[in-house]
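K.L.:
Provide a 3D model corresponding to the input given below.
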Amino acid sequence: MSSEPTSPASDRGIIAADRLRRVYNDGTAQARTAIEDISFTVRKGELVCIVGPSGAGKTTLLRALSGLAQPTSGTVKFEGRSLTSVPSRFGLVFQDYGRSLYPWFTNGKNVALPLLARRVPRVERKRRVSEVLASVGLGHVEKQYPWELSGGMQQRVAIARALSYRPDVLFMDEPFASVDAQTRYGLEDLVLAVRRDLGITVVIVTHDIDEAVYLSDRVVVLTDSPARVKEIVDVPLGERREQIGTRSSPEFMHLRRHILDLVMPRAIP
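P.N.:
Residues are numbered from 1 along each chain as shown. Next up, the predicted model:
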């Protein structure tokens, strides 16, 4: 059911973290270590969720893996090359969709922004915008504005924007935390469909254990701060998953219980 943390040298993947450490120092003696000695790989085409206690350093780890922030020590490699910035082949989706979308731009123009930055020709931009909005079920909102949409629909626009330039890896930081449960289930299934149809690699930070089990091929469980890898749990639930059947299966319940016990062992009688 589970596998021990492995060295990137022994399990090469599209992303390899090797002995990552991140220390926050505000110039005083109260330096804080957020993550410590973290090593694991993400294989091409898989979906990996990162979970752990509140404040453990999950977002810090995601920022290091994506190139948004440099670790204090250790390395992150993408296809064997060390990261020094966010590669053009990475897509990023954050929790606060309200801040990530520009309200004065239409949804179509919001999605087109990274294509403009990459100087994609106008005709190709228009085609890709229509294509990715349709892929997230929003082909009808291109000329509307973000503030005309529900929270879940706005997050779909944010996902479409991240997909518009066809990334190889999609990083998501608590992407569904700000929406209601029913909308969350729809967005989870959307991510599974996008991953399946486009063959991209997905790394998600989430505090929701059920979500991690439902989505993942593997779950990286972190310890309390400073975060280390406590266990990497395989999730052999198959490629095709559906909300009611998968979540009510004995296999799902067993995995959920195991990961909950890892994250907060004293809370389980």
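
K.L.:
Going by C-alpha atoms from here, please, whenever you check contacts or count neighbours.
P.N.:
OK.

K.L.:
what does whichever strand or helix holds residue 127 contact?
P.N.:
Using DSSP states H and E, residue 127 sits within helix 122-135. Outside helix 122-135, the residues that touch it by Cα atoms under 8 Å, 6 or more residues apart in numbering are 108, 111-112, 115-116, 139-140, 142, 157, 160-161, 163-164, 194.

K.L.:
any chance of those residues in JSON lines, plus secondary structure?
P.N.:
As requested, those are exported to JSON lines (DSSP: H, G, I helix; E, B strand; the rest coil):
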{"residue": "108", "secondary structure": "helix"}
{"residue": "111", "secondary structure": "helix"}
{"residue": "112", "secondary structure": "helix"}
{"residue": "115", "secondary structure": "helix"}
{"residue": "116", "secondary structure": "helix"}
{"residue": "139", "secondary structure": "coil"}
{"residue": "140", "secondary structure": "coil"}
{"residue": "142", "secondary structure": "coil"}
{"residue": "157", "secondary structure": "helix"}
{"residue": "160", "secondary structure": "helix"}
{"residue": "161", "secondary structure": "helix"}
{"residue": "163", "secondary structure": "helix"}
{"residue": "164", "secondary structure": "coil"}
{"residue": "194", "secondary structure": "helix"}
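
K.L.:
On the pLDDT front, check residue 166 for me.
P.N.:
According to the model's per-residue confidence, residue 166 sits at a pLDDT of 86.

K.L.:
Need the three-state assignment for it.
P.N.:
Secondary structure state of residue 166, per three-state DSSP, is coil.

K.L.:
Mind checking which of the contacts of helix 122-135 are buried?
P.N.:
Using 16 or more other Cα atoms under 10 Å as the burial test, these include 108, 111-112, 115, 142, 157, 160-161, 163-164, 194 as buried.
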